[in-house]
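S.K.: I need the structure of the sequence given here:
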Amino acid sequence: MRHQVSKFATAASLLTAASASWAHPGLFDGSVVANLVHLLTEPDHLLILAGAGLAAGIIWHIKHRA
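M.R.: Numbers count the residues shown, from 1 in each chain. Reported below is the predicted structural model:
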């Protein structure tokens, strides 16, 4: 049962991420470097990266506490 729930959660997150990735198409249709620069210079993207890092750190700490 747990495996089925994780499959559903993975599928749901992939479906929602696909549309969210096209939030502003056409702005940076350049190279990979241009896209990375865009991700590292926009404040909203930096907040998401910081939040993801914080969440990963908290989860790591909880798993390795024992």
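
S.K.: Please list the residues outside the helix or strand containing residue 45 that contact it.
M.R.: In this assignment (DSSP states H and E), residue 45 forms part of helix 43-63. The set of residues external to helix 43-63 that reach it, using CB atoms under 8 Å, 6 or more residues apart in numbering, is 38, 39, 40. To be clear about C-beta, it is placed using only N, CA and C from the backbone, and glycine gets the same treatment.

S.K.: The same query, at a cut-off of 10 Å, please.
M.R.: When contacts are taken as CB atoms under 10 Å, 6 or more residues apart in numbering, the neighbours of helix 43-63 outside the stretch itself are 23, 38, 39, 40, 42.

S.K.: Report the lowest-confidence entry in those.
M.R.: In terms of pLDDT, the lowest of the contacts of helix 43-63 is residue 23, showing 62.

S.K.: State the three-state secondary structure for residue 38.
M.R.: Of the three states, residue 38 takes helix under DSSP: H, G, I helix; E, B strand; the rest coil.
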